[in-house]
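Student: give me a 3D structure for the following:
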Amino acid sequence: MTEAIGALIAGAVGDAAEVFFAYPADWAKVPCVAYREAGNRTHARADGAEALRELEYAVDVWGLGAGEVRLIADAVDGALVGAGFKRAQAMDLFEEKTRYFRRAARYRALSDGDRLYQ
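Tutor: Numbering: from 1, shown residues only. Prediction:
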């Protein structure tokens, strides 16, 4: 699922930002997006097996300006919500040391292994 999320994000942002798994590997490539699985737990069991799991993905968008970050984050949001995720949290931040703007967001969905449910 994690690779599919990366492909979904990359398709949404196109050439507007580099997409990294977990954390940006190259800070010279800003704006950028980093994503990772932040949670994966059993939500429901049936017949002795996991029937539904709760998935959570963390997505961070970094850029040199707030407007740039907002445009990229909105594209990511549209793609993930369209795929069946629900935005659980989003914060706009400013990294004083690096002077980068950042949006940190979390997305959640329930999955039966084949489909996503909100």
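
Student: in this protein, which helix has the most residues?
Tutor: helix 66-83 (DSSP state H).

Student: give me the mean pLDDT for that one.
Tutor: Mean pLDDT, helix 66-83: 98.

Student: now swap in stretch 21-39 and tell me
Tutor: Mean predicted lDDT for stretch 21-39 stands at 95.

Student: now do stretch 4-11
Tutor: For stretch 4-11, mean pLDDT rounds to 97.

Student: dump that stretch to PDB, restricted to CA.
Tutor: These are the backbone C-alpha positions of stretch 4-11, laid out as PDB (Å, rounded to 0.1, in the frame of the first residue of the first chain):
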ATOM      1  CA  ALA A   4       0.800   2.900  -4.100                       C
ATOM      2  CA  ILE A   5       0.400   6.000  -1.900                       C
ATOM      3  CA  GLY A   6       3.800   7.300  -3.100                       C
ATOM      4  CA  ALA A   7       2.700   6.800  -6.700                       C
ATOM      5  CA  LEU A   8      -0.600   8.600  -6.000                       C
ATOM      6  CA  ILE A   9       1.200  11.600  -4.400                       C
ATOM      7  CA  ALA A  10       3.700  11.700  -7.200                       C
ATOM      8  CA  GLY A  11       0.900  11.800  -9.800                       C
END
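
Student: run the chain-centre distance for the longest helix of the chain.
Tutor: 9 Å (Cα atoms, centre = their mean, to the nearest Å).
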